[in-house]
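Trainee: Sequence isn't available, so here's the structure alone:
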């Protein structure tokens with residue numbers, strides 16, 4: 001008997017969420033762009049690099065995974081073509097709207113004051129009235145009660161570009177950073193150099209007080 005939740009989830013999603021990205025491709029170990037940060041929705045065979053895409057997945061649907069604060073994210077513009085991502089909190093990082101693949105660890109303790117939106121699965125505070133913080137938590141929600149779906153419909157495809165445009169939030173300041181792609185390292189805003197005062201004393205010949213007779 002087929003579980004009803006399997007009809008609401010594409011076959012490649014669980015494999016995507018359990019895949020380890022940003023490892024070095026063994027086939028292109030000496031190449032400059034050899035980090036495995038791509039995933040093929042047809043083959044479902046794990047992560048691969050830029051060169052593998054050109055040679056093995058040229059005409060396949062492929063998404064690129066990026067990183068923010070050492071957590072895997074995907075751009076909404078890419079994933080929304082394959083999934084119904086409604087009810088998942090999105091963020092704007094470096095001018096790109098993204099969402100997290102999986103639940104992120106969070107400090108234990110009481111919920112802060114003023115927090116009114118929480119992920120239904122992990123309890124993470126959300127910026128807007130969404131139900132889930134990530135694709136992984138939405139998947140767990142579907143398995144528990146089946147009240148959501150990842151399957152795109154014609155209606156979903158029409159609504160996605162306009163969905164909650166007023167809720168495209170930026171990450172809190174402490175979590176802001178550039179998206180990491182390929183071998184590029186995580187980048188943070190540089191600290192401006194300290195300014196020096198121009199009111200420095202000049203060295204000169206000491207002046208003696210006039211001699212009075």
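Mentor: Looks like it arrived, so ask away. Predicted, not measured: the structure shown is a model, and the values here were computed from it. Numbering: from 1, shown residues only.
Trainee: For the protein, give me the ranges with low pLDDT.
Mentor: By pLDDT under 70, the weakly predicted segments of the chain are 1-6, 107-114, 154-213.
Trainee: Quick one: the strands in it, in order.
Mentor: Here the chain has its strands, by DSSP state E, at 38-40, 47-48, 62-68, 71-75, 91-93, 96-100, 169-170.
Trainee: CSV for those strands, including mean neighbour count and distance to residue 122?
Mentor: In this view, the C-beta of every residue, glycine as well, is placed from N, C-alpha and C. Converted to CSV, the strands of the chain look like this (neighbours: other C-beta atoms under 10 Å; distance: least, C-beta to C-beta, whole Å):
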stretch, mean neighbour count, distance to residue 122
strand 38-40, 21, 23
strand 47-48, 21, 24
strand 62-68, 19, 17
strand 71-75, 20, 13
strand 91-93, 18, 16
strand 96-100, 20, 11
strand 169-170, 14, 18
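Trainee: how about those strands in JSON lines, adding distance to residue 82?
Mentor: Below are those laid out as JSON lines (distance: least, C-beta to C-beta, whole Å):
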{"stretch": "strand 38-40", "distance to residue 82": "11"}
{"stretch": "strand 47-48", "distance to residue 82": "17"}
{"stretch": "strand 62-68", "distance to residue 82": "7"}
{"stretch": "strand 71-75", "distance to residue 82": "10"}
{"stretch": "strand 91-93", "distance to residue 82": "19"}
{"stretch": "strand 96-100", "distance to residue 82": "13"}
{"stretch": "strand 169-170", "distance to residue 82": "23"}
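Trainee: Of the ones you listed, which is nearest residue 148?
Mentor: Among those, strand 96-100 comes nearest to residue 148, with 14.3 Å by C-beta to C-beta.
Trainee: list the helices and strands the closest one packs on?
Mentor: strand 62-68, strand 71-75, helix 76-79, strand 91-93 (3 or more C-beta pairs under 8 Å, 6 or more residues apart in numbering; DSSP states H and E).
Trainee: 6 Å instead?
Mentor: With contacts defined as 3 or more C-beta pairs under 6 Å, 6 or more residues apart in numbering; DSSP states H and E, the packing partners of strand 96-100 are strand 71-75.
Trainee: which residues are contacting the strand it packs on?
Mentor: In this structure, residues lying in contact with strand 71-75 by C-beta atoms under 6 Å, 6 or more residues apart in numbering are 21, 63, 65, 66, 96, 98, 100, 101, 104.
Trainee: what angle do it and strand 62-68 make?
Mentor: 130 degrees (axes from the mean of the first three to the mean of the last three C-alpha atoms, to 10 degrees).
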